[in-house]
Structures are given as C-alpha cells and as structure tokens.
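Undergrad: compute the structure for the input listed below.
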Amino acid sequence: MQTASQYFARTESAVRHLFNGIDSYLDVLREIRDVTFVSGRLPGPELDAEFAAWRAARAPQLAAAMAAQQRFTAESFALDCLCGSVLQIAGKALDMYSTNASIPNDWSGVIKPDTARYCIGRNIRTVPIGLAIYAARNQHTHFNDDKLREPSATILKRVAQGHGFTSDEPFADPAFDLGNPRILSLATNVTALLGWRSFDRYDVDMRGLLVDSEGDRTRHSARHCGRRLPCRPTNKDSVKSIA
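TA: Numbering: from 1, shown residues only. Purely as a prediction, here's the structure:
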C-alpha cells in the first residue's frame with residue numbers, strides 16, 4: 001500500500017463494518033421519545049403540579065427511556081472499542097502518509113517535530129483534527145494507564161476546555177475531561193465531536209487530509225521523516241455537538 005488511496009481502499013470494508021456496529025449501539029438511544037418536559041411556568045407549586053401530571057401521563061415512555069439508557073450504558077465500552085478501532089485505522093493512515101512538517105504557532109512547545117505530521121486538518125475546538133485523532137487513539141489504547149503521556153494529555157485538555165462557553169472559572173467539558181472518573185475511553189465522544197457517525201463523513205475527512213488537498217500521498221519511510229514537505233492545514237473552526 002504505497003499511497004493513501006490504496007490504504008483507504010484496503011481498509012474500507014472494515015471501517016464500514018465498524019460504523020455499522022457503532023450505529024447499532026446508538027440505535028438504542030433512538031428508541032427514546034416524548035420524554036422532554038417543557039413549561040412556561042416559574043418555579044413553584046403550579047410548576048410542581050404540572051410536572052407531576054406530565055410524569056404520570058408519560059410513565060410508560062419514561063420507563064422505556066430509562067431502560068434504553070441502561071442498555072446503552074451497559075454497552076458503552078463496547079461502543080468505545082469500535083470507535084477506538086476507527087481512530088486506530090485513521091491514526092495509522094496519518095502515521096504512514098502525512099507529509100506535514102509545520103507546527104502552528106499555538107502548538108509550538110507542545111508538539112515536537114516527530115509529531116508534526118498530525119498537525120493537519122480543520123479545527124475542532126482550536127485543535128487540528130489530526131491531533132485530535134492522534135490523542136484520542138492514544139488515550140483509548142492506554143485507557144488503563146495512571147497518566148496519559150504528552151502531548152496527548154495537552155491536546156485533549158484543549159479539546160475539553162475549548163468548548164466556547166464563558167464563566168468566572170475555566171472549566172472542562174466533562175465529555176472530554178481526562179479526570180472524569182465516569183469515562184474510561186474518550187473514543188466515542190471524540191469521534192462524535194469529529195462528526196464521524198457514518199463511513200462517508202470519515203472518508204471525506206481522511207481523504208481531505210491525505211488525498212484531495214495535494215494529490216495522493218505516498219508512504220514515507222522513517223529515515224525521511226525529518227525532510228517531509230509541509231502541507232496546508234485547514235483553519236476553518238468547526239465545533240460539533242456530541243448528540
């Protein structure tokens with residue numbers, strides 16, 4: 001597999017199967033319907049009464065939603081494993097075919113030359129998606145380590161803190177917070193932030209990184225890594241929701 005296009009062709013069926021599996025796990029959440037309470041009343045006895053009546057009328061839907069959430073939670077790490085596999089395939093493509101050697105100014109001191117190849121692509125929360133893929137892949141692979149190594153820890157910290165909300169005290173989005181004890185792997189949440197919930201979305205991004213912008217990339221050897229030519233990163237900010 002000398003070119004990125006060859007790599008994508010040889011891995012396409014596997015990645016399609018992974019996204020089919022991811023979608024099957026997410027199907028459980030799609031069963032949840034009519035469980036959002038909305039009222040124009042101010043807090044007080046009238047609102048409490050209205051909510052109690054709504055809850056009684058929606059009891060079957062609420063029970064079904066709770067059961068769906070429990071089924072989803074029970075399989076959440078299995079979902080992480082599929083999303084982590086997608087990140088592994090994507091990350092390996094960057095390992096093999098990215099020729100970028102330039103490091104953005106706001107990443108100098110964090111990213112070393114041997115990691116510059118990942119500084120490519122559109123931004124999510126101020127982070128180039130190549131770096132997000134790299135860090136999330138590493139975090140998933142080493143989810144049971146006591147501490148995530150650099151630069152992956154700093155990359156994911158910027159993802160967690162780059163949510164765009166303002167407050168008196170800076171805070172991390174719990175969906176990406178390495179200190180969140182409820183999360184073993186960030187693979188599901190990072191792939192959602194990337195918008196990767198279908199093969200087509202994944203394919204557009206990966207080909208944009210390694211094929212479309214400057215022609216098909218050929219596989220580089222390790223001895224030539226220090227002389228890679230820079231490519232043009234995309235500076236367009238794009239913040240995705242996890243929903």
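Undergrad: okay, buried residues for the helix or strand bottoming out on mean pLDDT in the chain please.
TA: Least confident element among the helices and strands of the chain, by mean pLDDT, DSSP states H and E: helix 59-74 (a mean of 92). Buried residues in helix 59-74, counted by 16 or more other CB atoms under 10 Å: 62, 64-65, 68, 72. Where you see a C-beta, it was placed from the backbone N, CA and C, and this is true even at glycine.
Undergrad: what mean pLDDT does the helix or strand just after it have?
TA: Downstream of helix 59-74, the next assigned helix or strand under DSSP states H and E is helix 76-97. Mean pLDDT, computed over helix 76-97, is 97.
Undergrad: packing partners for helix 76-97?
TA: Counting contacts by 3 or more CB pairs under 8 Å, 6 or more residues apart in numbering; DSSP states H and E, helix 76-97 packs against helix 4-30, helix 129-141, helix 187-194, helix 199-207.
Undergrad: what's the average pLDDT for the next helix or strand after that helix?
TA: Next along the chain after helix 76-97, taking DSSP H and E as the criterion, comes strand 123-124. Regarding strand 123-124, the rounded mean pLDDT is 94.
Undergrad: follow-up on the earlier one: nearest to residue 11 among the buried residues of helix 59-74?
TA: The closest of these to residue 11 turns out to be residue 72 (CB to CB; 27.5 Å).
Undergrad: give the full set of residues in contact with the nearest residue to that closest one once chain neighbours are set aside.
TA: Computed as CB to CB, 6 or more residues apart in numbering, the closest residue to residue 72 that is not its neighbour in sequence is residue 28, at 4.6 Å. The contact partners of residue 28, taken as CB atoms under 8 Å, 6 or more residues apart in numbering, are 68, 71-72, 75.
Undergrad: got it, and residue 127?
TA: Contacts here follow CB under 8 Å, 6+ apart; on that basis residue 127 touches 155, 158-159, 162.
Undergrad: give the bridge partners for it, please.
TA: Legend: beta-bridge partners of residue 127 under DSSP bridges are residue 124.
Undergrad: for residue 17, see how far away residue 11 is.
TA: Using CB to CB, to the nearest Å, we find residue 11 at a distance of 10 Å from residue 17.
Undergrad: what about those two, which has more around it?
TA: Neighbour totals were compared for residue 11 and residue 17, and residue 11 leads with 17 against 13 (other CB atoms under 10 Å).
Undergrad: isn't residue 23 up against residue 199?
TA: No: with contacts counted by CB atoms under 8 Å, residue 23 stays clear of residue 199, the gap being 9.9 Å.
Undergrad: more crowded one of the two?
TA: Using other CB under 10 Å, the more surrounded residue of residue 23 and residue 199 is residue 199, with 19 against 14.
Undergrad: rewinding a little: and among the helices and strands packed on helix 76-97, the most buried is which?
TA: Among the helices and strands packed on helix 76-97, ranked by average contacts under mean count of other CB atoms under 10 Å, first place goes to helix 129-141 (a mean of 26).
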